[in-house]
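Undergrad: Below is the sequence, then the predicted model.
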Amino acid sequence: MSKKIILLADDDTDDTEMFCEALEEINENITCHCAENGSQAWKILNQINEKPQLIFLDLNMPVMNGWDCLKLVKQDSHYKDIPVIMISTSSHKNDIEMASKLGSICYLVKPNSFKDLKQLLLAITSNLGDGLRDALIKLKESGSKHIFMCTGNAD
């Protein structure tokens, strides 16, 4: 089985540890590169040999926030096809609309429980590639309060 590469940018160390621990329990073939802000995420993206299959960006981070990092990713021809999931503790409608406008595949409200996070990450990482959008739609349709789909274009 080939390694799956994920990039996570989140300045909350507790959330990052929980995220990485959940990924380790789900699949040992997932490599998660972690950054504390968008600037560090951009640097990692340009340093690693293989492009990640998925990027998670927290909205509010110091130095460079998730919005600015998302803009960089989507404006770069080398990275624009990598799906990006915006993550936050809030579900403000304006943030969800902005994530969609800037090209994010979906907006994820951080779950409070490890079990919920693990279930979400299992569904997401099991469907990296062409099946990702359908997997996210299924999660939403199954009643997930954490997933908000984005159209991925600037309407």
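TA: Happy to help now that I have it. Note that the structure is predicted; figures quoted are calculated from it, not measured.

Undergrad: pLDDT weak spots in this structure?
TA: 1, 152-155 (pLDDT under 70).

Undergrad: longest helix in it, by residue count?
TA: Looking across the chain with DSSP state H, the single longest helix is helix 13-26.

Undergrad: correct me, but T89 touches V109?
TA: Yes. Look at T89 against V109 with Cβ atoms under 8 Å: they come within range, at 6.9 Å. Bear in mind the C-beta positions are built from the backbone N, C-alpha and C, glycine included.

Undergrad: Going along the chain, name the helices of this protein.
TA: Under the criterion DSSP H, the chain contains helices at 13-26, 38-47, 66-75, 93-101, 114-125, 132-141.

Undergrad: Now the third one: buried residues?
TA: Spelled out, it's helix 66-75. Within helix 66-75, the residues scored as buried using 16 or more other Cβ atoms under 10 Å are G66, W67, D68, C69, L70, L72, V73, K74.

Undergrad: Could you check which of T89 and V109 has the larger neighbour count?
TA: Between T89 and V109, counting by other Cβ atoms under 10 Å, V109 is the more crowded of the two (19 against 13).

Undergrad: quick one, what contacts that one?
TA: I87, S88, T89, S90, S91, K145, H146, I147, F148 (Cβ atoms under 8 Å, 6 or more residues apart in numbering).

Undergrad: Apply 6 Å and report the result again.
TA: Neighbouring residues of V109 by Cβ atoms under 6 Å, 6 or more residues apart in numbering: S91, H146.

Undergrad: what's across from it in the sheet?
TA: Assessed by DSSP bridges, V109 has beta-bridge partners S88.
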